[in-house]
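# I'll drop the sequence and a predicted model, then ask my questions.
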Amino acid sequence: MALFFFRLLILTLTKTKDNAMHNLRFWFDKILMIVKKFLKNFMNKNGNLLKNGSKPKFSDAKFISLSLLAENPMHYSENYLFKLFHKNCKKKFPNLIERSRFNRRSKNLYYLTEQLRSFLVESLLEGEYCFLIDPMPISIVCLARANLSRISKEDIHTASGKGYCVSQDQFYDYKLHAVTSVNGVITRFDLSPTNVHDTEHLKQVRTNYPVYTILGDMAYLSDLLQLEHFERNSITPMRRNQKNYRKQPAIFRYLEKSIKTVFFQFHDQFNIQKNYSKKFWRMATHILSKLTAFTLLQYMNKYEFHNKLNHVKQTLL
């Protein structure tokens, strides 16, 4: 009887493993189809960039699809995904790129990945007139090793700082400024050190959203810019001890929760706080891949599965 249950367990695990391999190839082909659809004007029929020189065997379109699949919430790490490919389904992915060249090639296709994300965002926005802005802390090294670490300090212009987030009770090195629609679609993002004030980033955002209403929290509050913010349709809540205090409308406080929900998804499902990169450009590439993968799942929910836009955790299960 024990031998029977042991064989049944082995058979169940084998079938589960085969189904996982099948689903991996299925979702890779689906992502590849979307990539070729939006980037067809940038690539030839083989899925490579329109440029001179030798063409890679593993095409650029397949590489972008693989990088987005690697950020899938179902896969725990990049190393785990490549082991899964090489051990179990290497025949289904001929000419698969080596992991040692994966990160080096991602830098060259950074612009193309950002172009894909912008196309996906345009397809998801429908008559938006109100946007939300909020910073999210990004940690790369613990406080005890901050002075000894050389991570992301190869250039003084991209070097990290050190700040403290009261709401999350943690120290952080960078701030990810995200502008989202009311529905949770990230339309713009920027990465800045901690010593850059949030109001400086708000000035840059308003140049790209001149006729839209931008909602921000108290991090973007400044006495010198408060009047200008209201004139420019940038609304931030006032502190209770300010002169001429006016309570923010309840609808604005409700809308601000949507961007917090998006940030929680990046923390919980995409592990955006886990950083193994040693250089700034690699960290920026990983963050872009996570944002693009999140937008891609939103696109699938809307046009492929007709689910709620931000239910990305159930999309690939």
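Thanks, I have the structure now. Residues are numbered from 1 along each chain as shown.
# make it CA atoms for all contacts and neighbour counts henceforth
OK.
# can you list the domain ranges for this structure.
The domain map for the chain lists 2-108, 128-289, with the assignment taken from automatic domain parsing.
# Any idea which of those gets closest to Q115?
domain 2-108 (8.1 Å; CA to CA).
# chain center to the closest one, what's the gap?
On the basis of CA atoms, centre = their mean, to the nearest Å, domain 2-108 is displaced by 19 Å from the centre of the chain it belongs to.
# now that domain: mean pLDDT?
In this model, domain 2-108 carries a mean pLDDT of 74.
# Which of the domains of the chain sits closest to L296?
With CA to CA as the measure, domain 2-108 is the member of these nearest L296 (8.3 Å).
# list the helices and strands the one helix or strand Q298 maps to packs on?
When elements are defined using DSSP states H and E, Q298 is found to belong to helix 280-303. Helices and strands in packing contact with helix 280-303 are listed as helix 60-70, helix 99-108, helix 110-124, strand 186-193; criterion 3 or more CA pairs under 8 Å, 6 or more residues apart in numbering; DSSP states H and E.
# Can you tell me which of these is packed in deepest?
Greatest average neighbour count among the helices and strands packed on helix 280-303 goes to helix 60-70 (a mean of 22), per mean count of other CA atoms under 10 Å.
# now the helix or strand just after it against helix 60-70, angle please.
Remark: after helix 60-70, the chain's next helix or strand is helix 78-88, criterion DSSP H and E. Taking axes from the mean of the first three to the mean of the last three CA atoms, to 10 degrees, one finds that helix 78-88 is oriented at 110 degrees with respect to helix 60-70.
# Buried ones in helix 78-88, by neighbour count?
By neighbour count, and taking 16 or more other CA atoms under 10 Å as the criterion, the buried residues in helix 78-88 are L81, F82, L84, F85.
# Could you identify the most distant pair in the residues you listed?
Taking CA to CA, the two most distant members of the buried residues of helix 78-88 are L81 and F85; they sit 6.3 Å apart.
# that older thread, now do the helix holding Q298: everything it contacts.
For helix 280-303, the surrounding residues in contact (CA atoms under 8 Å, 6 or more residues apart in numbering) are 67-69, 71-72, 103, 106-107, 110, 113-114, 116-117, 120-121, 123-124, 151-154, 158-159, 185-186, 191, 270, 272, 275-277, 306-312, 315.
# so which of the buried residues of helix 78-88 comes closest to G163?
L81 (33.3 Å).
# measure the closest one to F38 for me?
25 Å (CA to CA, to the nearest Å).
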